[in-house]
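**Q** predicted model follows, preceded by the sequence.
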Amino acid sequence: MADQYIDLETLKYLLYDVHHLEDVLQQDRFADHDQESLDMFLNSVKEFSDRELFPYIKEMDEQPAYHKDGTVIVHKQVGVMMKKGGEMGLISGTFDYEAGGLQLPMMLYTASAFIQDAANNHLPGYVGLTLGAAELIIHFGNKELNDTYVPNMLSGQWGGTMCLTEPQAGSSLSDVVTKAIPTDNGSYKISGQKIFISGGDHQYADNFVHLVLARIEGAPAGTKGISLFVVPKKRPDGNGGLVSNDVTTVADFQKLGQRGYCTTHLGFGDADDCQGWLVGEPHQGLKYMFLMMNGARIAVGRGAAAIATAAYQASLQYAKERPQGRKLTNAGKKDLDQGQTLIINHPDVRRMLLLQKVIAEGSLSLVLLASKYYDFKETLKDPTEKEKYSLLLELIIPMVKTYPSDMGAHAVSNGLQILGGYGFCTDFILQQYHRDIRIFPIYEGTTGIQSQDLLGRKIVMGNGKALEYLTNEVMQTIENASKYDDLKKYANTLGEKLKLAQKVVGFLIGFAQKGDYERFLADATPFMEFFSTITMSWIWLDMAIHAKNTLVVGQKKYSEEFYESKIHAMKFFFTYELPKTNGLAEILMNDEVLTIAGEKEVFNS
């Protein structure tokens, strides 16, 4: 197995030099932190990941979670993750001091979680979902719920989950049927089933606190009638102890990848004795859940970027060590008198490695940028600036979740191809990364859902104000790049792509203005690819500007080759990826309509 899963220099370069974490640290909330202390935190997470996460990734795949006797049995490292997650602040990191947190910037927390995800993507979800469930209680729950549940969750003694999906509803949350009936003691009697509940049960937590979407008896139909409840596996007995709360672990799903990260089917109230406690106000459950969804979708993009990064590192190491074939001579023939060359010297292998690099590093940069917007949205006092970063975050979130997931899977597939036949064998980890990352385009809203959100809601949000803010950011980068002679042509290219994007958006919005929303959104997924590719070209040009400026000024933290590699990667993206937007634009502005169901059925068999 490869012995390196991350390039810490690139992570710190993006965090400190490209996205300027110090700008976030200027906010009052983060006054106690500085780069030195945060660097120490990152380094401690890297040491922990080297020791307790990375060595077990293959083993967790080979020894998957399984259901037995009403519970789920998981790998022993889950216990280490929960315990150390509590001790190191991996669960509580971003929370207020008053809640037991460290008040870390989301940027820094994202960077630390990225390291863990790259080391072993089967483990961080256990603490990540506990964090998400605790966050909902802290933000929207009353004091009693906070006092009863949050401390044990932040310590890692109790796990947490989010229970949205039901067997008959899938992603259609308006069809949730789990019931909540008020009782005389202030609780609600809960009954129903939830599926695909990540981290829903295991032997290394004393209790599980499920955040459950349910419909109070008599509530309105659709999403407006959904409420949010705390439903523990074991409820307090009033005497300082815990008793069973009639939450049943029905099964654990056996999966293609992430086999060490359990995914459960839960039953509530099979014996008519399941109690839940309302979080916040009735009928506001979906609103509460989705207020936390930006963080969840950043986490999905982060995890996909991390797997793509680990796969790139493994592919790169193999390419540097594997001799095969000979380089072509200037005459176009192989010189058989020469010894075999390493495959990293073959142009097609280099193309695939560069593709992996631009997707992995670009995705990480995008995820960190979203985290920065998140920090500014939460901490800036000026209302105009607060609105700006809030709208920017909302606009890029669908891409933050989708681009690393979809293109990350493509990148890992290319990494497997580099290994040839060995890539398909279990002796090498690429096949596992290939399986592990495939769930990420499905997590937290599929690619199709994210694409409809981007085109149908975010692009037109505030009469296009969010898009205007993003366009201004891109134009500033184009202006900065134009100051350097060798970056000017790339700046001009990006400027032309902005005009193309405006043309495509205008064409599609025309259908919405005529009330033809099905046609407007029919090609939302190709639009996601189109718009994300242009956005990523902006991300890469910005990275190249910072690298170029460092080389010109001469204040290098890393080697000259490090900075040159970023500029080279930008050129690769503009040469091999960005031109694909021309074909996508042709698809998006074509008058032919082929995917909307009509009178004649086209699927005859």
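**A** Received the coordinates, thanks. Numbers count the residues shown, from 1 in each chain.

**Q** count of neighbours near L470?
**A** A total of 20 residues lie near L470 under the criterion other Cβ atoms under 10 Å. From N, CA and C alone the C-beta is placed, and that goes for glycine too.

**Q** wait, A99
**A** 18.

**Q** measure the closest residue to it other than its chain neighbours to M82 for me?
**A** Excluding the flanking residues, the one nearest A99 by Cβ to Cβ, 6 or more residues apart in numbering is I138, at 5.4 Å. As judged by Cβ to Cβ, to the nearest Å, I138 and M82 stand 19 Å apart.

**Q** which of those two has more neighbours?
**A** M82 (26 against 21).

**Q** chain neighbours aside, what residue packs nearest to the more buried one?
**A** Computed as Cβ to Cβ, 6+ apart, the closest residue to M82 that is not its neighbour in sequence is G156, at 4.1 Å.

**Q** verify the stated contact: the one you found with S92.
**A** No: counting by Cβ atoms under 8 Å, G156 does not reach S92; the two are 9.4 Å apart.

**Q** which neighbours do these two have in common?
**A** Contact criterion Cβ atoms under 8 Å, 6 or more residues apart in numbering; residues shared by G156 and S92: G86.

**Q** which of those two has more neighbours?
**A** Using other Cβ under 10 Å as the criterion, G156 and S92 rank with S92 on top: 29 against 25.

**Q** secondary structure class for K483?
**A** coil (DSSP: H, G, I helix; E, B strand; the rest coil).

**Q** show me what contacts it?
**A** Here K483 is in contact with no residues (criterion: Cβ under 8 Å, 6+ apart).

**Q** need the pLDDT of it.
**A** In this model, K483 is scored at 97, pLDDT.

**Q** quick one: it from M475, how far?
**A** 14 Å.

**Q** for the protein, which helix is longest?
**A** Using DSSP state H to define each element, the chain has its longest helix at helix 383-418.

**Q** which strands and helices sit next to that helix?
**A** helix 293-321, helix 347-379, helix 430-436, helix 447-453, helix 465-481, helix 524-553 (3 or more Cβ pairs under 8 Å, 6 or more residues apart in numbering; DSSP states H and E).

**Q** which parts of that helix are buried?
**A** For helix 383-418, the neighbour count (16 or more other Cβ atoms under 10 Å) marks 387-409, 411-416, 418 as buried.

**Q** now the residue nearest to K233 when sequence neighbours are not counted, what's its secondary structure?
**A** Nearest residue to K233, sequence neighbours excluded (Cβ to Cβ, 6+ apart): F208, at 4.2 Å. Applying three-state DSSP to F208 yields a three-state assignment of strand.

**Q** ok, now which ones touch F208?
**A** F208 is in contact with 158-161, 200-201, 232-233, 247, counting by Cβ under 8 Å, 6+ apart.

**Q** next one: the lowest-mean-pLDDT helix or strand in the chain to chain centre, how far?
**A** One helix or strand of the chain scores below all others by mean pLDDT, DSSP states H and E: helix 285-291, with a mean of 89. Offset of helix 285-291 from its chain centre (Cα atoms, centre = their mean, to the nearest Å): 18 Å.

**Q** before we move on, what about stretch 440-457?
**A** Relative to the chain's own centre, stretch 440-457 is displaced by 12 Å; criterion: Cα atoms, centre = their mean.

**Q** quick one: contacts of that stretch?
**A** 171, 293, 296-297, 299-300, 303-304, 307, 395, 398-399, 401-402, 404-406, 408-409, 508, 517, 520-521, 524-525, 527-528, 531.

**Q** same thing but 7 Å
**A** Contacting residues not belonging to stretch 440-457 are listed as 171, 296-297, 300, 303-304, 398-399, 401-402, 405-406, 408-409, 508, 521, 524-525, 527-528, 531 [Cβ atoms under 7 Å, 6 or more residues apart in numbering].

**Q** over to stretch 249-266?
**A** 60-61, 64-67, 70-72, 74-75, 121-122, 125, 163, 193-202, 247-248, 267, 435-436, 438-439.

**Q** from those, which land in helices?
**A** Using DSSP H, these in helices are 60-61, 125, 435-436.

**Q** farthest pair within the residues you listed?
**A** Spanning the widest gap among the ones in helices among the contacts of stretch 249-266 are G125 and R435, at 15.7 Å by Cβ to Cβ.

**Q** helix, strand, or coil at A221?
**A** coil.
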